[in-house]
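[1] What would the 3D arrangement of this be:
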Amino acid sequence: MSLRKLNSLLLTAVAVLMAVSCDKDKETESLPSLSGLYFSCPAFVAPGEAVRMTPEGVEHPEGGEIGYFWKVTPTMKYNDTTDVYVHWFSDTLQTYTVNCYAFAEGYNNTSYSRQVMVVKNGLDGSLTKTDIKAADPKVTVDGIDYYYEKIGDLEWFRNNLASAGSGVSYVNEEIMSDIFGRYYSYNDAVNACPEGWRLPTEEDWMSLAEAIGSPVSEKYQVFEDVAAKLMVNAYFNEIALLEYWPVVGEVTNSSRLSLMPFGYVNLGNRDEEGRFPNAAFDGIYTYTAVWTADKVEGEEDMAYFRYIISNQPEMLVGKGDVNTFGASVRCVRDAQ
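    Have a look, this model is predicted:
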């Protein structure tokens, strides 16, 4: 067979395949599509936790039967076809993607996915490289260990307060309370610290600044060049919480306060049960915001908080609404 004839046959075969493929594409494109699929599941779960997920929102236009197809990556080795699905997450601290597909004869499939992160509290959990060790001094309140450090004449919590009596957990997922701590309105924060401890005043923060070599002469001034001394280069599920910024320099946590960029929250309004269902979280990996005990003179609904932006070397001061702005709490007491 000549090369010219062989080329002619190959071109003909390719043309036929392309025509068949195009016909199939047109057939698929001409089918109506299912829509509206969703399911609920938590954003964070404990190792080994079982989560029950039920698909909702899809209706067959003709009242026919709808099937469901599930897959969880990266661990799921098979696909499960069922309407209600229960998945046991592994002990590995990582992020998983849960995919659900709805299908029906004569219709294009629709899909929906959610991400779920397996997290763990404690020194051997999701937060690592915090500079906190099991032998460090601590107090235990309601089953939660709060490590503390003597800085100047004061003792400071080294992890954020997580008292469940008030405040909210990150994205309203309770499992995150013992990891990031809770976020409190000022009105909740002033009464949140355990007995014998208090919400630090601006004078307490000034005392800390002086102890680490950045004294200020008046209240509510910027603490210059302290961010690297106050922050710790910690990891959350093996993801670095901080980037390196030359203007900040090497993060040393020389104060041993171990601040971390867990952001802040616009709490919105409380519901009838005292919760904040519409809380909007922001600034994770970027902002560290912690309350002072000082209200703003002449502004009854405002109080001062201290904050650090991860790409700036200073500790700044801001004003937050006492009811709707949520920040972290570091409790303090006079050195024992």
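
[2] dump the residue contacts of Thr110.
    33-37, 58, 101-102 (C-beta atoms under 8 Å, 6 or more residues apart in numbering). In short, each C-beta sits where N, CA and C put it, glycine included.

[3] Repeat the analysis, applying 7 Å as the threshold.
    33-35, 37, 58, 102 (C-beta atoms under 7 Å, 6 or more residues apart in numbering).

[4] any idea how far Glu56 is from it?
    12 Å (C-beta to C-beta, to the nearest Å).

[5] what about the helices in the stretch 201-336 of the chain?
    202-211, 227-230 (DSSP state H, counting those that start in this stretch).

[6] where does this protein have low pLDDT?
    Across the chain, the ranges flagged by pLDDT under 70 are 1-29.

[7] Domain parsing of it, as residue ranges.
    44-118, 127-334 (automatic domain parsing).

[8] Burial-wise, tell me which of those domains comes out on top.
    Highest mean neighbour count among the domains of the chain (mean count of other C-beta atoms under 10 Å): domain 127-334, with a mean of 18.

[9] can you tell me the distance between the two ends of that one?
    Terminal residues of domain 127-334 are spaced 28 Å apart (C-alpha to C-alpha, to the nearest Å).

[10] Please state the offset of that domain from the chain centre?
    Centroid displacement of domain 127-334 relative to its chain, using C-alpha atoms, centre = their mean, to the nearest Å, is 15 Å.

[11] May I have the residues that are in contact with Asp188?
    Contacts of Asp188 (C-beta under 7 Å, 6+ apart): 166-167.

[12] Using CSV, list the CA coordinates for the host helix or strand of it.
    Using DSSP states H and E, Asp188 sits in helix 186-189. Taking Å, rounded to 0.1, in the frame of the first residue of the first chain, the C-alpha atoms of helix 186-189 are listed here in CSV:
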residue,chain,number,x,y,z
TYR,A,186,-15.9,43.1,74.5
ASN,A,187,-18.9,42.8,76.7
ASP,A,188,-18.3,39.0,77.0
ALA,A,189,-14.5,39.3,77.2
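
[13] which SS class is Lys77?
    The three-state assignment at Lys77 reads coil, by DSSP: H, G, I helix; E, B strand; the rest coil.

[14] Tell me how far it lies from Glu210.
    59 Å.

[15] cool, and Met176?
    Where Glu210 is concerned, Met176 sits at a distance of 34 Å (C-beta to C-beta).

[16] Of all the helices of the stretch 201-336 of the chain, which one comes closest to His87?
    Nearest to His87 among the helices of the stretch 201-336 of the chain is helix 227-230; the distance by C-beta to C-beta comes to 40.2 Å.

[17] Output the contacting helices and strands for that closest one.
    Counting contacts by 3 or more C-beta pairs under 7 Å, 6 or more residues apart in numbering; DSSP states H and E, helix 227-230 packs against no other helix or strand.

[18] Look up how far Gly320 lies from the closest residue to Phe103 other than its chain neighbours.
    Nearest-residue entry for Phe103: Asn109, 4.6 Å, with adjacent residues in sequence omitted and distances by C-beta to C-beta, 6 or more residues apart in numbering. Distance, Asn109 to Gly320, using C-beta to C-beta: 47 Å.

[19] and what of Cys331?
    Taken as C-beta to C-beta, the span from Cys331 to Gly320 is 18 Å.

[20] same deal with Val248?
    Relative to Gly320, and taking C-beta to C-beta, Val248 is found at 24 Å.

[21] ok, now Gln221?
    18 Å.

[22] before we move on, what about Glu62?
    Applying C-beta to C-beta, the value for Glu62 to Gly320 is 54 Å.

[23] Same question for Ile239.
    28 Å.

[24] Kindly report the same for Glu210.
    24 Å.

[25] And for Val119?
    Distance, Val119 to Gly320, by C-beta to C-beta: 27 Å.

[26] give me every residue that touches Val141.
    Contacts of Val141 by C-beta under 7 Å, 6+ apart are Pro194.

[27] For it, which residues count as its bridge partners?
    Ile144 (DSSP bridges).

[28] could you measure it against Glu195, distance?
    9 Å.

[29] Same question for Gly318.
    According to C-beta to C-beta, Gly318 and Glu195 sit 29 Å apart.

[30] Could you do Ala234 as well?
    To Glu195, Ala234 is 29 Å away according to C-beta to C-beta.

[31] ditto for Tyr78
    Counting by C-beta to C-beta - Tyr78 and Glu195 are separated by 53 Å.
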